[in-house]
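Structure of the sequence below:
(one chain, ligands or ions: 3)
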Amino acid sequence: MAVQHTQIDQNQVADVDPKDTLGRPIRDLRISVLDRCNFRCPYCMPETKFHANYQFLKRQECLSYREIQRIASAAVGLGVTKLRLTGGEPLLDKKIPDLIARLSKLSGVDDFALTTNGILLADQAEALRSAGLHRITLSLDTLKADRFQALTRFDELDAVLIGLDHATRIWPQSVKVDSVIIRGVNEDEVVSLLEHGRGLGAEVRFIEYMDVGGATRWSLDDVVPHTEIIQLIEEHYGAISPVNEQTSAPADRYRLADGTTFGIISSTTAPFCRECDRSRLTADGLWYLCLYAQSGIDLRAPLRAGASADDLDALIRSAWNGRADRGAETRLATGDRQPLISVEALQKQPHLEMHTRGG
Ligand code: SAM
Ligand code: SF4
Ligand code: SF4
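Ligands and ions are numbered 1, 2, ... in the order given. All right, here's what the predicted structure looks like:
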């Protein structure tokens, strides 16, 4: 009888979604499909020499779609309901609709999104939607052509705007536009970015500049805090009101008097780690429990060594149970805050790059 009781208890524990050491469930998995990019945004990939200074993952090291599907399936079985494909630039992977088709069949996913810089979006949006993608987040920091070129190092603003326009027709009212706001660079465009999104029915989210890997020129002086972003918006539109909602989403949402909503992701000055249910998988199968984590858990090795679905489930469950990460809160408590990781360290450990672990 005693043995039977033990078995029942273990089964009951295994049926419950895992919680980490702070009681946070696992809900959101961001999958980086490749680490390469066709832009060079200075806050993410600041090195000017296009190829020479980046250590990219080797293709043969990267997970196959079948392997990604197995990991995503295990994560969904443990409580993940949101999937996001990211990179690098995920649309550089021309076969990505095949991956989307596989992942869209996982039952239990109620939000399946992709983050893109938008340059290849116009051509691919229809195929992405047909494959089962629910929505798009497009990163766009400026509407000025010369500034766009300075920010991405490519003269492609028009292509990105066409991609955005296309996306808002294909996914009406569900496209998001993410804008990183940097002092002296684009804080004067907060209102025009909001207006552009409003005209297209896309919700704009302003992101505080973060000291993540890759932001090797980051400085606290360059961060425009959420309070200042709100002030800029209220100066133009008048009073705004918070949208009251219970969510673990990173953005605090607000409403203009005419009902237009927008978000602010204040990861740098008011982090939200306490609610964080996100983790990130790199293209070569390292699983990071925090954007700021120094190391990840290798899921590719056990997969290639023949791990069963139960083995994978147990591995993910036990890692999540041990999670204590509060990276952005820890950074906030750091005095004399400097860039997190040096160029030299990034060259030795490319997994610390933002474009490798995904945004
Ligand atoms: N290439 C795609 C894109 O740009 O949308 C997806 C990958 S990119 C790493 C994902 C997001 O991370 C982008 O919205 C980008 O603006 C954001 N990001 C990169 N570095 C950042 C930083 N230092 N601070 C804040 N956001 C950053
Ligand atoms: Fe810019 Fe995204 Fe490419 Fe980073 S990965 S350089 S944020 S487009
Ligand atoms: Fe989550 Fe880490 Fe970001 Fe905090 S810093 S919100 S724990 S990913």
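
which residues touch the residue of the stretch 101-250 of the chain found nearest ligand 3?
Distances between the stretch 101-250 of the chain and ligand 3 by C-beta to the nearest ligand atom are smallest at residue 250, namely 6.8 Å. No exception for glycine: its C-beta is placed from N, CA and C like everyone else's. Applying C-beta atoms under 8 Å, 6 or more residues apart in numbering to residue 250 gives the contacts 265, 267, 272.

Repeat that for residue 117.
37-39, 89, 138-139, 152, 160.

go on, residue 144?
Here residue 144 is in contact with 157, 189 (C-beta under 8 Å, 6+ apart).

Any quick ChimeraX command for the buried ones out of the contacts of residue 117?
To isolate the buried members of the contacts of residue 117 in ChimeraX, using 16 or more other C-beta atoms under 10 Å:
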select :37,39,89,138,139,152,160
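
is it possible to export the contacts of residue 117 to a markdown table including distance to residue 108, pLDDT and secondary structure?
Output for the contacts of residue 117, formatted as a markdown table (distance: C-beta to C-beta, whole Å; pLDDT from 0 to 100; DSSP: H, G, I helix; E, B strand; the rest coil):
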| residue | distance to residue 108 | pLDDT | secondary structure |
| --- | --- | --- | --- |
| 37 | 31 | 95 | coil |
| 38 | 33 | 94 | coil |
| 39 | 33 | 95 | coil |
| 89 | 28 | 98 | coil |
| 138 | 26 | 98 | strand |
| 139 | 28 | 98 | strand |
| 152 | 36 | 95 | helix |
| 160 | 33 | 98 | helix |
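
Out of the contacts of residue 117, which are close to ligand 2?
Among the contacts of residue 117, the residues lying close to ligand 2 (C-beta under 6 Å from any ligand atom) are 37, 39, 89, 139.

which two from those residues end up farthest apart in space?
Greatest spatial distance in these: 37 and 139, 10.9 Å, computed using C-beta to C-beta.

quick one: which of the contacts of residue 250 has the most company?
When neighbours are counted by other C-beta atoms under 10 Å, residue 267 leads those with 25 neighbours.

Quickly find the element holding that one.
Under the criterion DSSP states H and E, no helix or strand holds residue 267.

same question, residue 108
Secondary structure (DSSP H and E) places residue 108 outside all helices and strands.

which parts of this structure sit against ligand 3?
271-273, 276, 278, 290-292, 325-328.

want to throw the residues you listed into a markdown table with distance to residue 300?
Formatted as a markdown table, the residues of the chain next to ligand 3 follow (distance: C-beta to C-beta, whole Å):
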| residue | distance to residue 300 |
| --- | --- |
| 271 | 30 |
| 272 | 30 |
| 273 | 27 |
| 276 | 24 |
| 278 | 20 |
| 290 | 20 |
| 291 | 20 |
| 292 | 22 |
| 325 | 21 |
| 326 | 27 |
| 327 | 23 |
| 328 | 27 |
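
from the contacts of residue 117, which is closest to ligand 1?
residue 139 (3.4 Å).

what's the burial count for the spatially closest residue to residue 75 that is not a sequence neighbour?
Using C-beta to C-beta, 6 or more residues apart in numbering and skipping the chain neighbours, the partner closest in space to residue 75 is residue 29 (4.8 Å). Counted with other C-beta under 10 Å, the neighbours of residue 29 add up to 25.

what's residue 29 in contact with, if anything?
72, 75, 80, 82-84, 278-281.

Produce a PyMOL select command limited to the buried residues of these.
In PyMOL syntax, the buried subset of the contacts of residue 29 is picked out as below (16+ other C-beta under 10 Å):
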select buried, resi 72+75+80+82+83+84+278+279+280+281
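
biggest separation within the contacts of residue 29, which pair?
72 and 278 (14.1 Å).

List of residues touching stretch 216-234?
Counting by C-beta under 8 Å, 6+ apart, 42-43, 46, 181-185, 187, 190-191, 194, 206, 208-211, 240, 252, 254, 256, 262, 264, 266, 268-270, 337, 339-343, 346 sit against stretch 216-234.

Residue 43 in helix, strand or coil?
coil (DSSP: H, G, I helix; E, B strand; the rest coil).

just checking, it touches residue 179?
No: judged on C-beta atoms under 8 Å, residue 43 makes no contact with residue 179 at a distance of 11.8 Å.

So for the two, which sits in the more crowded spot?
Using other C-beta under 10 Å as the criterion, residue 43 and residue 179 rank with residue 179 on top: 25 against 22.
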